[in-house]
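Colleague: Need coordinates for the following:
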Amino acid sequence: MNFKPGDLFFGLMEFLAYIVPGFIFCVTLPLFFNCRIDDFCDLKNNQTSTFGWVSLTLVSYIVGHFIHHLSAIILNPLYTVTYLKWRRKKHEYFITEMEKQINEKISISSGGPLEKAEAYIKVNNPTLIPELEKYQANSKLFRSLSLLCIYLCFIPNINWWARMLLIPISYLSYHKFANQRWNHRALIYQYFNLIN
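Modeller: Residues are numbered from 1 along each chain as shown. Below is the predicted model of the structure:
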C-alpha cells in the first residue's frame, strides 16, 4: 500500500472550493434563526476543543460540496452564454486552432478538447498540475462566493447598506470566477501547445 502523509490532509482545491464556502454558510445559517454561532460552537473561546474545530471543518466540507454543486448548476450555464462566448469570440483563432490540434492528437471520442488536453497534460507533465489546480480552485471558490453573497442578502435584520454591498460583491465574485475559469482553459491550451 502506497501511503503518503499528504493523503490525510485537505489540499488547496478542497480548502478553497469546499471548506471556505461551507464555513461561511455554517457560520451565517444561525442568523436566519436569530441565534448566534457561539450557541453551537464557541469560536472566540480559547477553550474550544480540537473536536469542535474538526467537526466544524468536516461539516463545512460536506456543506461546501452542496454549495459547490448548486452554484455550478446555476452559474455554469450563465458563464457559458456570457463570458465564455465573449472570450471565445475575442480569441477565436487561437481557440479554434488549439481545439483542432487537440482533437487530431488525441482521438478519444469522450470528452471535449479541454478535458482531453487537461488529461494529456496531467499524464505527460504532472509538474504543471499545481498551477492548473490553482486557477481551478480559485474559480470554484469565487463561483460559490457569488452565490453565497446573494444568500447573505436574505439574512433577517441585516442592514440595508450590507445588502447593497453584497450585490456588487456577488457580481465581482462572478466576474472573478469567470476570469479564473477562462484563464484555466487558456493555460491548458497554452501548455498543450508547448508540450507538443
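
Colleague: CA atoms for contacts and neighbours, from now on please.
Modeller: Fine.

Colleague: Count the residues that sit near the residue nearest to I108 when sequence neighbours are not counted.
Modeller: Distances taken as Cα to Cα, 6 or more residues apart in numbering place K116 nearest to I108, at 7.9 Å, with adjacent residues excluded. Neighbours of K116 under the rule other Cα atoms under 10 Å: 22.

Colleague: can you pull the contacts of I195?
Modeller: I121 (Cα atoms under 8 Å, 6 or more residues apart in numbering).

Colleague: Check the residue nearest the centre of the chain and give its pLDDT.
Modeller: Closest to where the C-alpha atoms of the chain average out (Cα atoms, centre = their mean) is K140, at 0.9 Å. K140 carries a pLDDT value of 91.

Colleague: With adjacent residues omitted, what lies nearest to it?
Modeller: Closest residue in space to K140, ignoring its immediate chain neighbours: A17 at 5.1 Å, by Cα to Cα, 6+ apart.

Colleague: Report the separation between that neighbour and A72.
Modeller: Distance of A17 to A72, computed by Cα to Cα, to the nearest Å: 11 Å.

Colleague: and these two? which has more neighbours close in?
Modeller: Comparing A17 with A72 by neighbour count (other Cα under 10 Å), the higher total belongs to A17, at 26 against 17.

Colleague: So K176 versus F94, what's the distance?
Modeller: Distance from K176 to F94, by Cα to Cα: 22 Å.

Colleague: list the contacts for the residue nearest to K140?
Modeller: G64, H68, A137, N138, K140, L141, S144.

Colleague: Could you work out the most separated pair of those?
Modeller: G64 and N138 (14.2 Å; Cα to Cα).

Colleague: quick one, what contacts Y191?
Modeller: Counting by Cα under 8 Å, 6+ apart, Y191 touches I121.

Colleague: follow-up on the earlier one: looking at the contacts of A17, which are in helices?
Modeller: Among the contacts of A17, the members falling in helices (DSSP state H) are G64, H68, A137, N138, K140, L141, S144.

Colleague: The second one: neighbour count?
Modeller: Read that as H68. H68: 21 neighbours (other Cα under 10 Å).
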